[in-house]
Each structure stands twice: as C-alpha cells, then as structure tokens.
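A.B. asks: Task: produce atomic coordinates for the following.
(chains A and B)
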Amino acid sequence: MKYQQQELLDALAVDFILGAMKGAARKRFQRLMMQQPSARQTVWRWEQHLNPLAESLPATAPDEAVWQRIRQRLGWTAATAPVAPARTGKYWLALATAASLLLAVIMLRPLLLSPVSQDIAVIQTSDAKAWWLVSKAENTLRVKSTAAVTDDAQHDYELWMLPANGQAPISLGLLPQQGERTLGWPVEAEGIQIAALAVSLEPIGGSITGAPSGPVLFTAEIVTL
Amino acid sequence: MEQSQQQLLQWLYAAAQGNKPAFEQLYQATSGKLFSVSLHLLRRRDWAEDVLQDAYVRIWHNAADYHAEKGSVMSWMISITRYRALDLLKSRRVKAEHLDISEPDNDQSLDEVQPGEAIGLVREKVKLDDCMQGLSDEHRQSIQLAYFNGLSHQEITEHTGSALGTVKSWIRRGLTQLKRCLEA
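C.D. replies: As a prediction, this is how the structure comes out:
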C-alpha cells in the first residue's frame, strides 16, 4: 500500500500540518491517522519539528475577557472570581477615573518604593509627547501606554533592545496600545549591555523574522535610578 | 519566566484531574504564545481570540489524552491552536482580503538569530534554528510563510512571484533537508 511509504507519509503529514491539504483529502488523511499508527506518529514527529518555529514569535497577551469567556464555556462561572488576573484591569479602571495628580503619584509609586535598582525609559515623539513609560526591575519589564498613543488596529508596536556590543536587536515583546503590560526579559538578552530601546511598527502579532521588519518609529535611552 | 516542560506537564496532569487553578496557571503561562500563533495565522484580533478560546476549551477537555509521543506540552498545545485557526481560515475564505505581509525582507534579517521567550520548547528551538539557517533563502522563506501565515502554495507564489511548481518543490525539498538535519 502506497501510504506505508514513509516518504509519502512525510509529505502528507507536512501538507496536513501547514494547512495545504484541504477538503476531502484532509478528511481522508484524518481517517488514515485514526487507523494507522505510522500516519499519526509521522504527524506528531513533524509537529515537534515545526512547532518550535512558534517560539520566535513574541508573546502577545490576550484580553482578560478571553479567559472569562473560557471560564463561561467550561461552566465555571459559578466559582469565585479569580483574584490575580483581575488585578491589572481593576487597577487601571480605577486609574482612569482618578484625578491626574493621583495618576502621577500612582505611576511613580513603584519607582519610589522599589528596593532594587530600576531602569526606566520614556518613549516619546520628536515633539516630546510621551507614548510609553518602560521600567525594568530584575527580569520584569513593565510598560505603560499613555493616552498619546495613536491606536493602530492594523499593526502592533514592537519593542526592541539594541545591545551595546552592536549585536542584532532583541525583541522584548509587543507594546500595549492601551493600558499596561508586563513583559518578561528574554533569556538571550540577559547580561547584555543595553545601548538603547527602539520601537518598530509591525504586522499584528509582531515581526516574524526575528528582526524589526517595519519602520523604526522611536528610539529611547535608558536611565538607571 | 521560563516555563519548563516539567512545569507545564504538572499543570496539564492536574488539569486532567479537574484542577481548575492549575489550568488557569497553564493558561497564564502559555496564552501569550498561543495568541501570537493564532494572530499570525488569522491577522484579526477578534478571530484570533475566538480560536484561542476554542483551543483552551479543547485543551481542558483533552488534557487526559496528552502523552509524550505527541511532543512537548507546548508543541501539543500549539498544534491544537494551529488546526483550529486553519479551520477558521478555511471557513471564512477571506485570506486574501486581510493579508498584510510586508515584502520579503532582505536576507540579513532572516539570518539573524531569532529571539523569543523560552516556554518549554527551548532545546528543540535551538536545533531548529540551526537547521533553518542551513536552508537556502527560498526554502526557508516558503516554509515560514506557510507555517506562520497559513499561506497556501498558490498564495506563496503571489507573494514571491515564483511559479507554483517551484514553490511546491521549495517547501518539499526544504522540509526534507530540515528533517535530515533535525533527525541527524
């Protein structure tokens, strides 16, 4: 039987995984996977080969509402509301209604109270309008957007670290267009001296090449407090 | 920040036993990556969010069906998300309308080391990067377009300006070479 030839199975598995196999052919192959262990093992092996590609994508935090809808669909809504994930949302809702003086104080609070040294950067336009406030403590990067950010539903703003040694920029993740976001400091950026930060305009989800692929809109220097 | 395969596995096992807090931790640790996967394929936040919901509902219900032969936990979850996204893409049949992919970059940018957070796929990722670097530019780019953006062979021809047969053989040959390198 032709299907038993591994080479053919490889080709079919790859077409199945990439989505190039459609319609009736896709259904036939799904049936084959159920019947024949070698078919499903081939698919699993190729998934393991190809899925690490997704590792190069910067993580994009989904809306808090997504988790709530998943809970609803799983019928968990009767359970008590989760404590941790709701915090950020409420925090910012409160901020939005607060007076601007209060806003300033709250924004400074993490900087004033933090016992460890902190790096901060303000990403601003050429006419000195601040778009994001970036602060880094240990391995966590907190990014707050300001109202000045121009919403762009077609693109994402991606933050990059430019190493002082001239190495290629390292992606730090996607910047929020509203509210704030916490980003992890990538392992490959650990221990590397930072020359500056840069922001590029990228397709939704960020650059897939691992390097800035759209125009670089901003650069900013880092100040250590 | 790094979530090891071991940690993800613990959460998944617990979720398979009905442990809701463990499932929430799994969600918090992995949803950013899966959302990116979904966004890249669909290029619309609302659709990408629908897919993400479907994927996690499925992960919860199928947690007990996971086993190591299916790959790392992260790889298994990425597959669930990708297949759901590919289904949606097919049913909406509007790929061409919302495609917004910049022209193929010059070659250096593709040659850069690809950064990314580490979530349970790190070792495989390093090897895959090495092997991807060994491919010719055309082979690598066609594989990336098909994998990340869900482009059909036909759509890749529009993107690269090459003939259909050429694109098919780029992907086929590129993946054969990739397999040889990965399984070496």
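
A.B. asks: Three-state assignment for the spatially closest residue to A:Glu180 that is not a sequence neighbour, please.
C.D. replies: Residue nearest to A:Glu180 in three dimensions, not counting chain neighbours: A:Lys144, with 4.3 Å by CB to CB, 6 or more residues apart in numbering or on different chains. For glycine as for every other residue, the C-beta is placed from the backbone atoms N, C-alpha and C. Under DSSP: H, G, I helix; E, B strand; the rest coil, the three-state class of A:Lys144 is strand.

A.B. asks: Relative to A:Trp131, how far out is A:Lys144?
C.D. replies: 10 Å (CB to CB, to the nearest Å).

A.B. asks: List the residues that contact the nearest residue to B:Tyr147 once chain neighbours are set aside.
C.D. replies: Nearest residue to B:Tyr147, sequence neighbours excluded (CB to CB, 6+ apart): A:Leu53, at 5.4 Å. Contact analysis of A:Leu53 by CB atoms under 8 Å, 6 or more residues apart in numbering or on different chains lists B:128, B:132, B:144, B:147-148.

A.B. asks: sorry, back to before: could you tell me how many residues sit around the residue nearest to A:Glu180?
C.D. replies: Using other CB atoms under 10 Å in any protein chain shown, A:Lys144 has 19 other residues around it.

A.B. asks: any idea how far it is from A:Ala189?
C.D. replies: 20 Å.

A.B. asks: ok, now A:Leu74?
C.D. replies: Here A:Leu74 is placed at a distance of 36 Å from A:Ala189 (CB to CB).

A.B. asks: Give me the below-cutoff pLDDT ranges for chain B.
C.D. replies: By pLDDT under 70, the weakly predicted segments of chain B are B:1-3, B:93-124.

A.B. asks: what are the ranges of the helices in it?
C.D. replies: When assigned using DSSP state H, the helices of chain B occupy the ranges B:5-16, B:20-42, B:45-62, B:73-92, B:95-98, B:107-111, B:122-133, B:137-149, B:153-160, B:164-182.

A.B. asks: any idea how far chain B is from A:Thr209?
C.D. replies: 5 Å (CB to the nearest CB, to the nearest Å).

A.B. asks: Could you break chain A into its assigned domains?
C.D. replies: What the record gives for chain A is the domain set A:2-56, A:64-224, from automatic domain parsing.

A.B. asks: Looking at the ones you listed, which one is packed in the most?
C.D. replies: domain A:2-56 (a mean of 18; mean count of other CB atoms under 10 Å in any protein chain shown).

A.B. asks: Distance from that one to the middle of the chain?
C.D. replies: Distance of domain A:2-56 from the chain centroid (CA atoms, centre = their mean, to the nearest Å) equals 28 Å.

A.B. asks: Tell me if stretch A:213-221 is near chain B.
C.D. replies: Yes. Contact of stretch A:213-221 with chain B (CB under 8 Å from any CB of the partner chain) involves A:213-214.

A.B. asks: How about residue 49: what's its closest non-neighbour residue?
C.D. replies: You didn't say which chain, so I picked chain A. B:Leu182 (5.2 Å).

A.B. asks: That was the other one, I meant chain B.
C.D. replies: Spatially, and ignoring its direct neighbours in sequence, B:Glu49 is nearest to A:Val66 (5.2 Å; CB to CB, 6+ apart).

A.B. asks: hang on, the earlier thing: gap between the residue nearest to A:Glu180 and A:Gln178?
C.D. replies: 10 Å.

A.B. asks: and what of A:Glu158?
C.D. replies: From A:Glu158 to A:Gln178 the distance is 16 Å (CB to CB).

A.B. asks: do A:Gly19 as well
C.D. replies: 32 Å.

A.B. asks: Equivalent analysis for A:Ala121, please.
C.D. replies: From A:Ala121 across to A:Gln178, the span is 19 Å (CB to CB).

A.B. asks: Out of the helices and strands in chain A, which is least certain?
C.D. replies: Sorted by mean pLDDT, DSSP states H and E, the helices and strands of chain A end with helix A:86-97, the least confident at a mean of 46.

A.B. asks: Quick check: which of the helices of chain B is nearest to A:Thr209?
C.D. replies: Closest to A:Thr209 of the helices of chain B is helix B:107-111 (CB to CB; 4.7 Å).

A.B. asks: follow-up on the earlier one: among the helices of chain B, which is nearest A:Gln154?
C.D. replies: Across these, A:Gln154 has its closest neighbour in helix B:95-98 (9.4 Å, CB to CB).

A.B. asks: quick one on the thing from earlier: any chance of the helices of chain B in CSV with distance to A:Ile194 and mean neighbour count as columns?
C.D. replies: Below are the helices of chain B laid out as CSV (distance: least, CB to CB, whole Å; neighbours: other CB atoms under 10 Å in any protein chain shown):
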stretch, distance to A:Ile194, mean neighbour count
helix B:5-16, 29, 18
helix B:20-42, 23, 23
helix B:45-62, 31, 19
helix B:73-92, 29, 21
helix B:95-98, 36, 12
helix B:107-111, 21, 15
helix B:122-133, 23, 17
helix B:137-149, 28, 22
helix B:153-160, 35, 18
helix B:164-182, 34, 18
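
A.B. asks: residue ranges with poor pLDDT in chain A?
C.D. replies: Per-residue confidence for chain A (pLDDT under 70) gives these ranges: A:1-4, A:78-117, A:225.
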